[in-house]
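Asker: okay, sequence plus prediction incoming.
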Amino acid sequence: MTYIDATNQVLGRLATRIAVLLRGKTKATYQPNLIPAEKITVTNVSKLKLSTKKLDQKTYFHYSGYPGGMKARTMQTQMERDPRKVLWLAVYRMLAPNRLRAKMMKNLIIEK
């Protein structure tokens with residue numbers, strides 16, 4: 001199990017590091033069709049370093065599927081509600097969209 005402290009770390013660089021670890025590319029036994037059994041635990045996500053422009057300009061969208069069902073939320077409000085979701089989405093979107101992505105994300109544990 002790998003422990004990562006997110007205090008004063010930049011969101012994108014931390015997410016990239018986590019994505020590489022989840023993929024297993026740091027291991028000598030890396031195979032692209034296998035998921036490593038190692039779990040990654042991230043702590044202090046609420047203390048991530050984010051630029052003020054990004055907090056105001058980055059928007060997360062959610063569509064319910066119904067007409068007029070598009071909902072938008074800025075990164076500022078998302079960080080106030082649940083900062084774990086910001087890191088989870090950043091890592092999730094860095095992984096390749098294939099059948100292994102959901103299984104790899106189960107090895108990621110994010111604590112406030």
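Answerer: Okay, I see it. Since this is a predicted model, take the numbers as computed values, not measurements.
Asker: where do the strands of the protein begin and end?
Answerer: 2-5, 40-43, 59-63, 70-74, 108-110 (DSSP state E).
Asker: what helices or strands is the last one leaning on?
Answerer: Right, strand 108-110. If you count contacts as 3 or more CB pairs under 8 Å, 6 or more residues apart in numbering; DSSP states H and E, strand 108-110 packs onto strand 40-43, helix 83-94. In short, each C-beta sits where N, CA and C put it, glycine included.
Asker: and that strand, which strands flank it?
Answerer: strand 40-43 (parallel) (DSSP bridges).
Asker: of all the helices and strands packed on strand 108-110, which lies closest to residue 12?
Answerer: Ranking the helices and strands packed on strand 108-110 by proximity to residue 12 (CB to CB) places helix 83-94 first, at 6.9 Å.
Asker: alpha carbons only: can I get the closest one in PDB?
Answerer: What follows is helix 83-94, C-alpha atoms only, in PDB (Å, rounded to 0.1, in the frame of the first residue of the first chain):
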ATOM      1  CA  PRO A  83     -12.600  18.000  -2.200                       C
ATOM      2  CA  ARG A  84     -12.200  14.200  -2.800                       C
ATOM      3  CA  LYS A  85     -14.400  14.300  -5.900                       C
ATOM      4  CA  VAL A  86     -12.000  16.900  -7.500                       C
ATOM      5  CA  LEU A  87      -9.000  14.600  -7.200                       C
ATOM      6  CA  TRP A  88     -11.000  11.500  -8.100                       C
ATOM      7  CA  LEU A  89     -12.200  13.100 -11.400                       C
ATOM      8  CA  ALA A  90      -8.700  14.400 -12.200                       C
ATOM      9  CA  VAL A  91      -7.200  10.900 -11.800                       C
ATOM     10  CA  TYR A  92     -10.200   9.200 -13.500                       C
ATOM     11  CA  ARG A  93      -9.900  11.400 -16.600                       C
ATOM     12  CA  MET A  94      -6.100  10.800 -16.900                       C
END
